[in-house]
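K.L.:
Show me how the following folds:
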Amino acid sequence: MNCRLRAVLMFLLFLGGGVALAAQSRPRARDLGVPFDGSPGPLNAITDVKGVEVGHSTIISGEGKLEVGKGPVRTGVTAVLPRGKGSIDPVFAGWWSLNGNGEMTGTTWVEESGFLDGPVMITNTHSVGVVRDAVIAWRVKGGKAGADGYWWSLPVVAETWDGYLNDTNGFHVKPEHVFAAIQGAKSGAVAEGSVGGGTGMVCNGFKGGIGTASRVLSERAGGYTVGVLVQCNYGSRRNLLVAGVPVGREITEQQPREDDEDVGSIIIVVATDAPIVAHQLKRLAHRAALGLGRLGSTSGNGSGDIFIAFSTANPGAARERGTANITLLGNDSMNPLFEATVQATEEAVVNAMVAADTMTGINNHKVIGLPHDGLREALKKYNRLAK
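P.N.:
Below is the predicted model:
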């Protein structure tokens, strides 16, 4: 590949547009015959929840031996905006940690207030600080002070560790990458795999990254939509199940780690348009863990498995003064939402692995993408191939 072509491709990766186009033409897990439960939305993505926008900024450069500060670089930032770039209206939210060997900033106030104010950002472990500060700068530039005249912001920024493939101590994520992810956020199809914050991630011994899926409830259950986006960097190969099939034991070649221990993490963002409030959203966040359980996860000691859920219903509920009238779904009506969250989480993780190509990073560390033919062969062997 000549230098000019490489530069053009890196520019497209940075903007996210080239990645999005590629993602739309790639097969997803359902296309390969994985028999998932439930009814997905039109896009089978978190953006099926009206108003939600997703953006990525992807940074890929260099190859060969690690030189801290120079690369190779395999990292980025992902932004999830609950009501899109044009809104400053907070959403009801709840968060939960299945295992806390990780970070998600801003959650103390989410817990206290019951609201998420601003985007959910996902990046690598050592870039949480710069992303947090850049979100504040973005909000100051484009927003206004509160009713009391004070500027303050507690951004939600989450991470997983990409140091097996990326020069993670080189601090390559800069404010401009954060701005690009936010400004480039849009509705519609979501790029998956090795993009944004998921660029350098490893999942269940295969290349991981960003994945998404959705479920639409029946009219009898309210017709609500649940969307999930994951940044997956967790799990061991030997425990991986896909549709109940021990795919990790069927595909054993090119393990990235000899000990095959779960030392990674996963961030899960759950969105819904159902009119539920903070304590109910925390309950929804809990159910994401059951989606991971379907995939064989044991949430190892070294894994940061942290989840946040929000609802786009009840606009204006976070008014600073006075009272707000809200619509509230009864707890007895939440079972379909729980089921949808479990199903969409499971599919989002598999979508991430299906979309991620083999990647070589620092010191020529290589992580293979989940082989599509191998996945289909394993499903067929156990009579689970849908087509």
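K.L.:
in the protein, what spans have low per-residue confidence?
P.N.:
Within the chain, the ranges that satisfy pLDDT under 70 run 1-24, 143-150.
K.L.:
Just give me the longest helix of it.
P.N.:
Across the chain, the longest stretch assigned as helix under DSSP state H is helix 335-355.
K.L.:
I'd like the next helix or strand past that one.
P.N.:
Heading C-terminal from helix 335-355, the first helix or strand you meet, by DSSP states H and E, is strand 359-360.
K.L.:
Please state the offset of that following strand from the chain centre?
P.N.:
Relative to its chain's centre, strand 359-360 lies at 20 Å (CA atoms, centre = their mean, to the nearest Å).
K.L.:
Equivalent analysis for stretch 251-265, please.
P.N.:
The chain centroid and the centroid of stretch 251-265 are separated by 21 Å under CA atoms, centre = their mean.
K.L.:
Next: stretch 172-187.
P.N.:
Its chain's C-alpha centre lies 15 Å from the corresponding centre of stretch 172-187 when counted by CA atoms, centre = their mean.
K.L.:
again, but for stretch 256-269
P.N.:
Average the C-alpha atoms of stretch 256-269, do the same for its chain, and the two points are 15 Å apart (CA atoms, centre = their mean).
K.L.:
Using CSV, list the CA coordinates for it.
P.N.:
These are the backbone C-alpha positions of stretch 256-269, laid out as CSV (Å, rounded to 0.1, in the frame of the first residue of the first chain):
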residue,chain,number,x,y,z
PRO,A,256,-3.4,-14.6,22.0
ARG,A,257,-2.7,-15.6,25.6
GLU,A,258,-1.4,-19.0,26.7
ASP,A,259,-3.1,-18.8,30.1
ASP,A,260,-6.5,-17.9,28.5
GLU,A,261,-7.5,-16.0,31.6
ASP,A,262,-10.3,-13.4,31.7
VAL,A,263,-8.3,-10.2,32.3
GLY,A,264,-10.2,-7.8,30.1
SER,A,265,-13.4,-5.8,30.6
ILE,A,266,-16.7,-4.9,29.0
ILE,A,267,-18.7,-1.7,28.9
ILE,A,268,-22.4,-2.1,28.1
VAL,A,269,-24.8,0.8,27.3
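K.L.:
Number the residues from 178 up from this point.
P.N.:
Got it, the first residue is 178 from now on, which makes the last one we talked about stretch 433-446.
K.L.:
Sort out which residues of it are buried, please.
P.N.:
Taking 16 or more other CB atoms under 10 Å as the neighbour-count basis, stretch 433-446 is seen to contain the buried residues P433, R434, D437, D439, V440, G441, S442, I443, I444, I445, V446. Yep, even glycine has a C-beta here, placed from its N, CA and C like the rest.
K.L.:
do the same with stretch 473-480
P.N.:
Of all the residues in stretch 473-480, those buried under the rule 16+ other CB under 10 Å are G473, S474, S476, G477, S480.
K.L.:
Torsion angles phi and psi at T449?
P.N.:
Summarising the backbone geometry of T449 under the convention degrees, to the nearest 10, its torsions are phi -150, psi 160.
K.L.:
quick one, strands of the chain?
P.N.:
230-238, 250-258, 268-277, 292-293, 297-301, 333-337, 379-380, 383-384, 386-393, 402-410, 442-449, 481-488, 536-537, 543-544 (DSSP state E).
K.L.:
which one of those lies closest to L220?
P.N.:
Counting by CB to CB, L220 lies closest to strand 386-393 out of those; the figure is 7.0 Å.
K.L.:
got the CA positions of the closest one in CSV?
P.N.:
This file holds the C-alpha atoms of strand 386-393, laid out as CSV (Å, rounded to 0.1, in the frame of the first residue of the first chain):
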residue,chain,number,x,y,z
GLY,A,386,-14.4,-4.1,19.9
ILE,A,387,-17.8,-2.4,19.4
GLY,A,388,-21.0,-4.3,18.8
THR,A,389,-24.7,-3.4,18.9
ALA,A,390,-28.1,-5.0,18.7
SER,A,391,-31.7,-4.2,19.5
ARG,A,392,-35.1,-5.7,20.3
VAL,A,393,-38.6,-4.5,19.7
